[in-house]
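Colleague: The following comprises the amino acid sequence and a computationally predicted model.
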Amino acid sequence: MPDVMKQVLALHPLLTENDVKGLVFDLDGTLIDSAADIIHGMRLTLEQSGLGRLPDDYVPDNLHGTSAGILRHVMLDMGWTIPDDLAPLQAAYIENYTSLRHQNTHLYPDVLTVLDACREAGIPMAICTNKVHASALTALQKVGLEGVFDFVTGCDTWAQAKPSPVPLLETIHMLGLEPQQCLYFGDTSVDAICARDAGVRFILHQSGYGDTALKTQRQHFSFKLWDELLT
(Lines give C-alpha, C1' and ligand atoms only; values in the text may rest on other atoms or scores of the structure.)
Protein backbone atom coordinates (compact mmCIF):
# COMPACT_ATOMS: atom_id res chain seq x y z
CA MET A 1 0.00 0.00 0.00
CA PRO A 2 1.58 3.33 -1.02
CA ASP A 3 2.49 5.87 1.64
CA VAL A 4 0.02 8.69 1.98
CA MET A 5 1.72 12.00 1.39
CA LYS A 6 1.35 14.43 4.28
CA GLN A 7 -0.46 17.55 3.16
CA VAL A 8 1.83 20.55 3.24
CA LEU A 9 0.05 23.71 4.32
CA ALA A 10 1.49 27.06 3.34
CA LEU A 11 1.19 30.02 5.65
CA HIS A 12 -0.34 33.33 4.63
CA PRO A 13 2.33 35.78 3.36
CA LEU A 14 1.64 37.88 6.46
CA LEU A 15 3.40 35.22 8.53
CA THR A 16 6.32 34.61 6.21
CA GLU A 17 7.59 38.14 5.67
CA ASN A 18 11.31 38.48 6.30
CA ASP A 19 10.75 40.96 9.14
CA VAL A 20 8.41 38.61 11.06
CA LYS A 21 10.55 36.60 13.47
CA GLY A 22 8.03 35.76 16.20
CA LEU A 23 4.32 35.56 17.01
CA VAL A 24 2.61 36.40 20.29
CA PHE A 25 -1.03 35.54 20.97
CA ASP A 26 -3.75 36.61 23.35
CA LEU A 27 -5.69 33.58 24.61
CA ASP A 28 -9.39 34.17 25.44
CA GLY A 29 -11.36 35.22 22.39
CA THR A 30 -8.31 34.79 20.18
CA LEU A 31 -7.22 31.15 20.31
CA ILE A 32 -9.93 29.78 22.62
CA ASP A 33 -13.60 30.49 23.22
CA SER A 34 -13.87 30.42 27.00
CA ALA A 35 -16.77 32.86 27.47
CA ALA A 36 -19.20 30.29 28.87
CA ASP A 37 -16.81 29.21 31.63
CA ILE A 38 -15.76 32.78 32.48
CA ILE A 39 -19.38 33.95 32.79
CA HIS A 40 -20.40 30.89 34.81
CA GLY A 41 -17.48 31.48 37.17
CA MET A 42 -18.58 35.10 37.59
CA ARG A 43 -22.17 34.02 38.21
CA LEU A 44 -21.18 31.54 40.92
CA THR A 45 -18.88 34.05 42.62
CA LEU A 46 -21.39 36.91 42.71
CA GLU A 47 -24.18 34.67 43.98
CA GLN A 48 -22.00 33.17 46.72
CA SER A 49 -20.92 36.63 47.82
CA GLY A 50 -24.55 37.69 48.25
CA LEU A 51 -24.24 40.53 45.75
CA GLY A 52 -26.95 39.19 43.47
CA ARG A 53 -27.92 36.76 40.72
CA LEU A 54 -27.09 37.37 37.10
CA PRO A 55 -29.84 36.76 34.53
CA ASP A 56 -29.48 33.38 32.82
CA ASP A 57 -28.88 35.02 29.45
CA TYR A 58 -26.50 37.70 30.74
CA VAL A 59 -23.34 38.27 28.70
CA PRO A 60 -21.07 41.18 29.73
CA ASP A 61 -19.60 43.31 26.96
CA ASN A 62 -16.25 43.22 28.75
CA LEU A 63 -14.48 39.89 28.64
CA HIS A 64 -11.07 41.32 27.86
CA GLY A 65 -9.77 42.60 31.18
CA THR A 66 -8.37 40.93 34.25
CA SER A 67 -10.81 38.94 36.38
CA ALA A 68 -11.03 41.87 38.80
CA GLY A 69 -11.78 44.23 35.94
CA ILE A 70 -14.51 42.00 34.55
CA LEU A 71 -16.07 41.59 38.01
CA ARG A 72 -16.08 45.35 38.47
CA HIS A 73 -17.69 45.85 35.06
CA VAL A 74 -20.42 43.27 35.77
CA MET A 75 -21.29 44.84 39.12
CA LEU A 76 -21.47 48.30 37.55
CA ASP A 77 -23.62 46.90 34.76
CA MET A 78 -26.02 45.36 37.29
CA GLY A 79 -26.08 48.44 39.52
CA TRP A 80 -24.63 46.57 42.50
CA THR A 81 -22.37 48.09 45.16
CA ILE A 82 -18.74 47.37 44.42
CA PRO A 83 -16.69 46.32 47.48
CA ASP A 84 -13.78 48.57 48.38
CA ASP A 85 -11.47 45.56 48.32
CA LEU A 86 -11.97 43.30 45.31
CA ALA A 87 -9.20 40.88 46.25
CA PRO A 88 -11.44 38.37 48.13
CA LEU A 89 -13.98 38.40 45.30
CA GLN A 90 -11.24 37.91 42.72
CA ALA A 91 -9.78 35.02 44.70
CA ALA A 92 -13.23 33.40 44.95
CA TYR A 93 -13.71 33.79 41.20
CA ILE A 94 -10.39 32.12 40.42
CA GLU A 95 -11.34 29.23 42.70
CA ASN A 96 -14.76 28.88 41.05
CA TYR A 97 -13.34 29.20 37.55
CA THR A 98 -10.70 26.58 38.30
CA SER A 99 -13.36 24.20 39.60
CA LEU A 100 -15.12 24.32 36.22
CA ARG A 101 -12.04 22.72 34.62
CA HIS A 102 -12.60 24.57 31.31
CA GLN A 103 -15.44 22.16 30.55
CA ASN A 104 -17.08 24.50 28.03
CA THR A 105 -13.86 25.98 26.60
CA HIS A 106 -12.72 25.03 23.11
CA LEU A 107 -10.37 26.08 20.35
CA TYR A 108 -11.64 28.19 17.50
CA PRO A 109 -11.72 26.09 14.31
CA ASP A 110 -8.38 25.60 12.55
CA VAL A 111 -6.29 27.21 15.32
CA LEU A 112 -4.26 24.05 15.83
CA THR A 113 -3.68 23.66 12.09
CA VAL A 114 -2.30 27.20 11.84
CA LEU A 115 -0.13 26.84 14.95
CA ASP A 116 1.24 23.51 13.72
CA ALA A 117 2.15 25.13 10.40
CA CYS A 118 3.90 27.96 12.26
CA ARG A 119 5.88 25.46 14.30
CA GLU A 120 6.82 23.56 11.14
CA ALA A 121 8.10 26.88 9.76
CA GLY A 122 10.24 27.32 12.88
CA ILE A 123 8.54 30.52 14.06
CA PRO A 124 8.92 31.20 17.82
CA MET A 125 5.55 31.65 19.53
CA ALA A 126 4.34 32.84 22.94
CA ILE A 127 1.12 33.62 24.82
CA CYS A 128 0.50 36.99 26.51
CA THR A 129 -2.88 36.90 28.25
CA ASN A 130 -4.79 38.68 31.01
CA LYS A 131 -5.72 35.26 32.40
CA VAL A 132 -3.78 34.31 35.51
CA HIS A 133 -0.81 32.20 34.52
CA ALA A 134 -1.99 28.98 36.19
CA SER A 135 -5.40 29.19 34.49
CA ALA A 136 -3.76 29.86 31.14
CA LEU A 137 -1.65 26.72 31.47
CA THR A 138 -4.59 24.49 32.42
CA ALA A 139 -6.72 25.95 29.60
CA LEU A 140 -3.99 25.23 27.07
CA GLN A 141 -3.72 21.68 28.37
CA LYS A 142 -7.50 21.22 28.13
CA VAL A 143 -7.66 22.27 24.46
CA GLY A 144 -4.57 20.35 23.39
CA LEU A 145 -2.09 23.23 23.13
CA GLU A 146 0.21 22.21 25.97
CA GLY A 147 3.82 22.56 24.88
CA VAL A 148 3.01 24.41 21.66
CA PHE A 149 4.38 27.76 22.85
CA ASP A 150 7.88 28.74 23.87
CA PHE A 151 6.55 30.92 26.71
CA VAL A 152 3.20 31.59 28.38
CA THR A 153 2.71 34.74 30.46
CA GLY A 154 -0.37 35.85 32.40
CA CYS A 155 -1.68 38.94 34.14
CA ASP A 156 0.15 37.91 37.31
CA THR A 157 3.49 37.26 35.59
CA TRP A 158 4.42 40.95 35.47
CA ALA A 159 3.76 43.98 37.69
CA GLN A 160 1.19 45.27 35.18
CA ALA A 161 -1.52 43.69 33.04
CA LYS A 162 -2.69 44.64 29.56
CA PRO A 163 -3.45 47.22 28.18
CA SER A 164 -0.07 48.22 29.61
CA PRO A 165 2.59 47.36 27.01
CA VAL A 166 4.80 45.85 29.71
CA PRO A 167 3.47 42.26 29.49
CA LEU A 168 3.83 42.15 25.71
CA LEU A 169 7.27 43.75 25.70
CA GLU A 170 8.53 41.38 28.40
CA THR A 171 7.07 38.35 26.60
CA ILE A 172 8.80 39.39 23.37
CA HIS A 173 12.08 39.82 25.24
CA MET A 174 11.67 36.27 26.55
CA LEU A 175 11.62 35.16 22.91
CA GLY A 176 14.90 37.01 22.39
CA LEU A 177 13.27 39.35 19.88
CA GLU A 178 12.45 43.03 19.44
CA PRO A 179 8.91 44.49 19.17
CA GLN A 180 9.28 45.35 15.47
CA GLN A 181 10.09 41.71 14.73
CA CYS A 182 6.80 40.37 16.08
CA LEU A 183 3.08 40.24 15.42
CA TYR A 184 0.53 40.27 18.25
CA PHE A 185 -2.80 38.48 17.74
CA GLY A 186 -5.78 39.66 19.81
CA ASP A 187 -9.49 40.33 19.70
CA THR A 188 -10.20 43.47 21.75
CA SER A 189 -9.18 47.09 22.25
CA VAL A 190 -7.10 46.02 25.26
CA ASP A 191 -4.94 43.94 22.92
CA ALA A 192 -4.85 46.66 20.27
CA ILE A 193 -3.77 49.35 22.75
CA CYS A 194 -1.18 47.05 24.29
CA ALA A 195 0.30 46.32 20.85
CA ARG A 196 0.19 49.98 19.81
CA ASP A 197 2.01 51.18 22.90
CA ALA A 198 4.55 48.36 22.61
CA GLY A 199 5.29 49.21 18.97
CA VAL A 200 4.08 45.80 17.78
CA ARG A 201 1.93 45.14 14.72
CA PHE A 202 -1.58 44.13 15.80
CA ILE A 203 -3.49 41.30 14.11
CA LEU A 204 -7.23 41.29 14.89
CA HIS A 205 -9.29 38.12 15.28
CA GLN A 206 -12.66 39.57 14.35
CA SER A 207 -14.65 36.58 15.59
CA GLY A 208 -13.48 37.03 19.18
CA TYR A 209 -15.15 39.00 21.94
CA GLY A 210 -14.45 42.51 20.64
CA ASP A 211 -15.71 45.74 22.21
CA THR A 212 -16.89 49.14 21.05
CA ALA A 213 -13.52 50.83 21.70
CA LEU A 214 -11.93 48.47 19.18
CA LYS A 215 -13.43 50.54 16.35
CA THR A 216 -11.01 53.39 17.09
CA GLN A 217 -7.91 51.19 17.12
CA ARG A 218 -5.68 50.42 14.16
CA GLN A 219 -4.93 46.92 12.91
CA HIS A 220 -2.10 45.74 10.70
CA PHE A 221 -4.30 42.88 9.48
CA SER A 222 -7.63 41.33 10.44
CA PHE A 223 -9.34 38.00 9.83
CA LYS A 224 -12.53 36.22 10.85
CA LEU A 225 -11.58 32.56 10.43
CA TRP A 226 -8.24 31.02 11.27
CA ASP A 227 -8.02 29.14 7.98
CA GLU A 228 -7.62 32.52 6.29
CA LEU A 229 -4.03 32.37 7.55
CA LEU A 230 -3.33 29.36 5.37
CA THR A 231 -2.93 29.21 1.59
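Modeller: Structure's in. What do you need?
Colleague: Which elements pack onto the helix or strand of the chain with the lowest mean pLDDT?
Modeller: Here the helix or strand of the chain ranked lowest by mean pLDDT, DSSP states H and E is helix 67-78, holding a mean of 92. Secondary-structure packing of helix 67-78 (3 or more C-beta pairs under 8 Å, 6 or more residues apart in numbering; DSSP states H and E): helix 35-48, helix 87-99. Every C-beta, even on glycine, is put in place using the N, C-alpha and C of the backbone.
Colleague: For that helix, buried residues please.
Modeller: 67, 68, 69, 70, 71, 72, 73, 74, 75 (16 or more other C-beta atoms under 10 Å).
Colleague: show me where the protein has strands.
Modeller: Counting by DSSP state E, the chain has strands at residues 22-25, 32-33, 106-107, 125-128, 151-153, 182-186, 201-205, 221-223.
Colleague: what lines up beside the fourth one in the sheet?
Modeller: Right, the one you point to is strand 125-128. Note on strand 125-128: by DSSP bridges, its sheet partners are strand 22-25 (parallel), strand 151-153 (parallel).
Colleague: sorry, back to before: need the buried residues of helix 67-78 in CSV (columns: distance to residue 42).
Modeller: Formatted as CSV, the buried residues of helix 67-78 follow (distance: C-beta to C-beta, whole Å):
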residue, distance to residue 42
67, 8
68, 11
69, 12
70, 7
71, 7
72, 11
73, 10
74, 6
75, 10
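Colleague: nearest to residue 43, of these?
Modeller: Closest approach between these and residue 43, by C-beta to C-beta: residue 74, at 9.1 Å.
Colleague: contacting residues for the closest one?
Modeller: Contact partners of residue 74, counting by C-beta atoms under 8 Å, 6 or more residues apart in numbering, are 42, 46, 54, 60, 62.
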